[in-house]
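next input, structure requested:
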Amino acid sequence: MKCILSPLAEAELVDATTYLEARQSNLGLRFLDEYDQTILRIVENPRAWHVIAKHARCCNMHVFPYGVIYSIEEDGIVVLAIMHLHQRPNYWIDRLG
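Prediction:
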């Protein structure tokens, strides 16, 4: 199954990676590795995580306090947000179609 990263989610991924790398060397790379592992889990079993709003689901990362918000579309998985779990919980809700 194909996975598409929305432009806003891509910007959040870059922002989080940059922030973490500035805090500690290689922390941003570790974050990206965990993001990749989270995407693999989603693609392998997209319906495994609970619906949190309309057709959006959230798969939490294991080490970092982030969740990947995504929807299952006809042409694949669409990542809507890379959300920090301790900040502004529903800011991404207007990204739903």
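
for the nearest residue in space to Leu29 that is not next to it in sequence, what are its contacts?
Spatial nearest neighbour of Leu29, excluding adjacent residues (Cβ to Cβ, 6 or more residues apart in numbering): Glu21 at 7.3 Å. (Each C-beta comes from the backbone N, C-alpha and C, glycine too.) The contact partners of Glu21, by Cβ atoms under 8 Å, 6 or more residues apart in numbering, come to 27-29.

for the residues you listed, give me TSV that also has pLDDT.
Below are the contacts of Glu21 laid out as TSV (pLDDT from 0 to 100):
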residue	pLDDT
Leu27	96
Gly28	96
Leu29	96
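
most neighbours among those, which one is it?
Highest neighbour count within these, by other Cβ atoms under 10 Å: Gly28, with 18 neighbours.

list the contacts for it?
By Cβ under 8 Å, 6+ apart, the contact list for Gly28 reads 17-22.

which of these sits closest to Lys54?
Closest approach between the contacts of Gly28 and Lys54, by Cβ to Cβ: Thr17, at 27.9 Å.

excluding its backbone neighbours, what's nearest the closest one?
Excluding the flanking residues, the one nearest Thr17 by Cβ to Cβ, 6+ apart is Gly28, at 4.2 Å.

A strand includes that neighbour, no?
No: in this structure, Gly28 is helix, not part of a strand, as judged by DSSP: H, G, I helix; E, B strand; the rest coil.

can you pull out the helices in the chain?
According to DSSP state H, the chain carries its helices in the segments 7-23, 27-44.

Arg88: which of those is closest?
Closest approach to Arg88 among these is made by helix 7-23 (11.6 Å; Cβ to Cβ).

which parts of that closest one are buried?
Going by neighbour count (16 or more other Cβ atoms under 10 Å), the buried part of helix 7-23 is 9, 12-13, 16-17, 20-21.
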